[in-house]
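Asker: Predicted model follows, preceded by the sequence.
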Amino acid sequence: MEPSVPPPEAPPEVSRVDPRLLEILVCPLTKTTLEYDAANQELISRAARLAYPIREGIPIMLPEEARKIDDVPQVTMPPVVMPAPGTDPA
């Protein structure tokens with residue numbers, strides 16, 4: 001009887017996030033859209049300069065769990081100009 005040889009170790013599986021979930025998630029602080037970083041398994045908020053981790057396919061949307069990122073340019077929202085009352089907004 002030959003000694004049993006363990007099977008080769010499988011490469012770690014990259015967890016997947018449902019694309020529909022990615023479409024509706026926003027940064028809890030800034031309410032802006034997020035960018036999916038598949039390589040690092042993070043959701044990036046450029047406006048907040050935070051990277052929210054994804055663990056076992058589940059986005060962790062807690063600011064205290066997010067990693068601060070300084071190398072991403074901060075996004076500023078353009079000011080919203082409201083028309084004066086009684087004027088035509090067109």
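Answerer: Received the coordinates, thanks. Numbering: from 1, shown residues only.
Asker: All the strands of this protein, in order from the start?
Answerer: Ranges of strands in the chain, per DSSP state E, are 35-37, 42-45, 50-55, 58-59, 67-68.
Asker: Who does the third one pair with, and is each partner parallel or antiparallel?
Answerer: In other words, strand 50-55. For strand 50-55, sheet partners with direction are given as strand 42-45 (antiparallel), strand 58-59 (antiparallel), strand 67-68 (antiparallel), following DSSP bridges.
Asker: now what about the first one, what contacts it?
Answerer: It refers to strand 42-45. Under the criterion CB atoms under 8 Å, 6 or more residues apart in numbering, residues 22, 25, 27, 29-30, 32, 34-37, 50-54, 59, 61, 66-67, 69, 72 lie in contact with strand 42-45. (Each C-beta comes from the backbone N, C-alpha and C, glycine too.)
Asker: okay if I get the strands of the chain as a markdown table plus mean neighbour count, mean pLDDT and distance to residue 17?
Answerer: Output for the strands of the chain, formatted as a markdown table (neighbours: other CB atoms under 10 Å; pLDDT from 0 to 100; distance: least, CB to CB, whole Å):
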| stretch | mean neighbour count | mean pLDDT | distance to residue 17 |
| --- | --- | --- | --- |
| strand 35-37 | 14 | 94 | 7 |
| strand 42-45 | 23 | 96 | 8 |
| strand 50-55 | 19 | 96 | 6 |
| strand 58-59 | 15 | 94 | 6 |
| strand 67-68 | 10 | 97 | 17 |
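Asker: now these as TSV including distance to residue 16?
Answerer: Formatted as TSV, those follow (distance: least, CB to CB, whole Å):
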stretch	distance to residue 16
strand 35-37	11
strand 42-45	13
strand 50-55	9
strand 58-59	11
strand 67-68	21
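Asker: right, so of these, which gets closest to residue 18?
Answerer: For residue 18, the closest of the strands of the chain is strand 58-59, at 9.9 Å, according to CB to CB.
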